[in-house]
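A.B. asks: model this:
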Amino acid sequence: MGDRRMFAKTIVLSDAFLDMPASARCLYFTLGMFADDDGFVNSPKGIMRQCGATDGDMQILLDKKFVLLFESGIIVIKHWRIHNYIQKDRYKPTKYQDELSQLTTDENGGYRLDTERIQIGYEMDTQVKLSKDKLSEVKESKEKRSRFAPPTLEEVTAYCKERNNNVDAEKFIDYYTANGWVQGKGKPVKDWKACVRTWERNNYSTGSRKTQIVPDYMTEEKPKKEVKLW
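C.D. replies: Alright, predicted model coming up:
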């Protein structure tokens, strides 16, 4: 591994580089000094602690693409080959060949990730991570979203009008509300629109009759019978 490291003035004197805080620039130089002969750094967090850099400094380098981050946590100096040329007799290939295989070089010799993946923020040990309680809340929230929500009278009325089926929306709501929105052998209703269509097929519509045909799913394959509803 080479003992000397160089930095190209075209990079470190550019406006994009000089616009960064001094702490971010210091981190960049320190990473460059510890990188291997291909520009890879396998311990960026330790180097950050050593030079007093913050997570924000690393994020700036990532956002401005002065360094590139791999899923393995290893980073590479994007403009390494512009900064350094190491003679073959002194060059030692990087150990991180899997990461190296994901890179191409642009016309200027800079590294470029050969994927269309969006590089997200650098996850540091000091960042807030989801606790077990938080994960439980997220899981519970997902379960709540998947639970059945009884429709409103307006929703049922609109759906019946859309299908032009003459089903009495108010009686539909009253019926299932009284039964706790269950059907068959106490099975919870999962799709109220399907129930409306069942009432529709069984001619369970508005009218002056005080008896109506019980929907198929309430008979459990038994012969249909006349029952009093009110």
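
A.B. asks: close enough to count as contact, Cys35 and Ile77?
C.D. replies: Cys isn't right for residue 35; it's Ala. Yes: using C-beta atoms under 8 Å, Ala35 is in contact with Ile77, at 5.6 Å. To be clear about C-beta, it is placed using only N, CA and C from the backbone, and glycine gets the same treatment.

A.B. asks: Between these two, which contacts overlap?
C.D. replies: Listed as contacting both Ala35 and Ile77 by C-beta atoms under 8 Å, 6 or more residues apart in numbering are Val41.

A.B. asks: more neighbours, these two?
C.D. replies: Ile77 (26 against 23; other C-beta atoms under 10 Å).

A.B. asks: ok, the more buried one - contacts?
C.D. replies: Neighbours of Ile77 in contact, by C-beta under 8 Å, 6+ apart: 28, 31-32, 35, 39, 41, 66-67, 83, 111.

A.B. asks: For Glu155, state which of those residues is nearest.
C.D. replies: The closest of the contacts of Ile77 to Glu155 turns out to be Val67 (C-beta to C-beta; 53.1 Å).

A.B. asks: Show me what that closest one is bridged to.
C.D. replies: Beta-bridge partners for Val67, by DSSP bridges, are Ile77.

A.B. asks: for it, what are its contacts?
C.D. replies: With contact taken as C-beta under 8 Å, 6+ apart, Val67 is in contact with 28, 31, 58, 61, 75-78.

A.B. asks: Quick check: it vs Lys187, distance?
C.D. replies: Distance, Val67 to Lys187, by C-beta to C-beta, to the nearest Å: 57 Å.

A.B. asks: okay, the contacts of Ile77 in JSON lines with pLDDT, secondary structure and distance to Phe172 next?
C.D. replies: Shown next, in JSON lines, are these (pLDDT from 0 to 100; DSSP: H, G, I helix; E, B strand; the rest coil; distance: C-beta to C-beta, whole Å):
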{"residue": "Tyr28", "pLDDT": "95", "secondary structure": "helix", "distance to Phe172": "67"}
{"residue": "Leu31", "pLDDT": "93", "secondary structure": "helix", "distance to Phe172": "67"}
{"residue": "Gly32", "pLDDT": "89", "secondary structure": "helix", "distance to Phe172": "71"}
{"residue": "Ala35", "pLDDT": "90", "secondary structure": "coil", "distance to Phe172": "70"}
{"residue": "Gly39", "pLDDT": "87", "secondary structure": "coil", "distance to Phe172": "69"}
{"residue": "Val41", "pLDDT": "92", "secondary structure": "strand", "distance to Phe172": "66"}
{"residue": "Phe66", "pLDDT": "94", "secondary structure": "coil", "distance to Phe172": "64"}
{"residue": "Val67", "pLDDT": "93", "secondary structure": "strand", "distance to Phe172": "62"}
{"residue": "His83", "pLDDT": "85", "secondary structure": "helix", "distance to Phe172": "73"}
{"residue": "Tyr111", "pLDDT": "78", "secondary structure": "strand", "distance to Phe172": "64"}
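
A.B. asks: Right, I'll call it a day here.
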